[in-house]
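Need a 3D model of the sequence below.
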Amino acid sequence: MKPHPLFEVWTPDTVAECLEGVKDDLYSALWALVPYYTKRESNELPPDPDFNALAGFWDKLEPEQQAKLNELAAEQEKSYGRV
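As a prediction, this is how the structure comes out:
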């Protein structure tokens with residue numbers, strides 16, 4: 001399963017804190033990815049596409065977690081317009 005486009009630019013910790021509906025085990029799983037970050041944070045625009053984006057860690061998540069995250073991202077996109 002491919003990650004939602006949002007996860008090409010949001011880091012796992014940003015997803016955990018900012019994506020509506022992330023709770024409990026999913027929240028913990030996202031924060032558990034932080035030690036795998038390989039690049040330092042940068043405020044440069046446009047952001048480096050490889051900058052610790054969740055998509056780069058997608059294979060570390062269970063298929064059920066991937067499905068839930070894609071569902072939540074699609075719901076948020078529908079609620080707020082393109083995210």
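
longest helix in the chain, by residue count?
What stands out as the longest helix in the chain, according to DSSP state H, is helix 63-80.

Now do the strands in the chain.
With DSSP state E, there are no strands along the chain.

Please enumerate the helices of it.
Using DSSP H, the helices found in the chain span residues 12-18, 24-31, 63-80.

re the thing from before, for the longest helix of the chain, output the C-alpha coordinates as PDB.
The C-alpha coordinates for helix 63-80 follow below in PDB (Å, rounded to 0.1, in the frame of the first residue of the first chain):
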ATOM      1  CA  PRO A  63      -0.300  -2.800   7.100                       C
ATOM      2  CA  GLU A  64      -3.200  -2.000   9.400                       C
ATOM      3  CA  GLN A  65      -1.400   1.100  10.600                       C
ATOM      4  CA  GLN A  66      -0.700   2.200   7.000                       C
ATOM      5  CA  ALA A  67      -4.400   1.700   6.100                       C
ATOM      6  CA  LYS A  68      -5.600   3.700   9.100                       C
ATOM      7  CA  LEU A  69      -3.100   6.500   8.400                       C
ATOM      8  CA  ASN A  70      -4.200   6.700   4.800                       C
ATOM      9  CA  GLU A  71      -7.900   6.700   5.900                       C
ATOM     10  CA  LEU A  72      -7.200   9.600   8.400                       C
ATOM     11  CA  ALA A  73      -5.300  11.600   5.800                       C
ATOM     12  CA  ALA A  74      -8.100  11.200   3.200                       C
ATOM     13  CA  GLU A  75     -10.700  12.200   5.800                       C
ATOM     14  CA  GLN A  76      -8.700  15.300   6.700                       C
ATOM     15  CA  GLU A  77      -8.100  16.200   3.100                       C
ATOM     16  CA  LYS A  78     -11.900  15.900   2.400                       C
ATOM     17  CA  SER A  79     -12.700  18.000   5.500                       C
ATOM     18  CA  TYR A  80     -10.200  20.800   4.900                       C
END
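
Sounds good, over and out.
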